[in-house]
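*Asks:* predicted model and sequence follow; I will ask about them next.
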Amino acid sequence: MRFNKETDYAIRMTIFCAKNKSKLLLSINIVKECRVPENLGKAILTKLTSNNILESVKGKNGGIRYVHGPKEISLLDIIEKFEKIEINSCVSNSSICTYKNGECVVREEMGNIKNILENHLKNIFIEDLIDNRY
């Protein structure tokens, strides 16, 4: 499994905003500071704000900010907005399994791996990364 660049950038941009504690930031500054290509960065910020990971404030003195509490936004919350965590397609849909009608030990273990990964990502919060707890 490999996360795409968009997901990586989204995590980094969220951390950058969270480090600035509720301060309104210009999107162009976020994009530049995080070294993200401008058009892609703006699209990522739009997705993050439309999914309530970041907040967008309109107007002359507007900007983008992170307004969540310490244990509100996890890595999983962000990743799920950009990726589908799928170890093997048969894990999500046993009817497509061509081996033993979905009653396969490999399918079962792949499901366990997916659960472990999701649970781990669910317990890493943005503030933990800022505080270097990981």
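*Replies:* Okay, I see it.
*Asks:* by mean pLDDT, point me to the weakest helix or strand of this structure.
*Replies:* In the chain, the helix or strand scored least confidently by mean pLDDT, DSSP states H and E is helix 89-92, which has a mean of 74.
*Asks:* any buried residues in that helix, and which?
*Replies:* 90, 91 (16 or more other C-beta atoms under 10 Å). Glycine gets a C-beta too; all of them are placed from N, C-alpha and C.
*Asks:* alpha carbons of that helix, as PDB, please.
*Replies:* Below are the C-alpha coordinates for helix 89-92, written out as PDB (Å, rounded to 0.1, in the frame of the first residue of the first chain):
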ATOM      1  CA  SER A  89     -10.000  -5.800  -2.900                       C
ATOM      2  CA  CYS A  90     -11.500  -9.100  -1.600                       C
ATOM      3  CA  VAL A  91     -11.300  -7.800   2.000                       C
ATOM      4  CA  SER A  92     -14.000  -5.300   1.300                       C
END
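*Asks:* does anything pack onto that helix? Which helices or strands?
*Replies:* helix 105-122 (3 or more C-beta pairs under 8 Å, 6 or more residues apart in numbering; DSSP states H and E).
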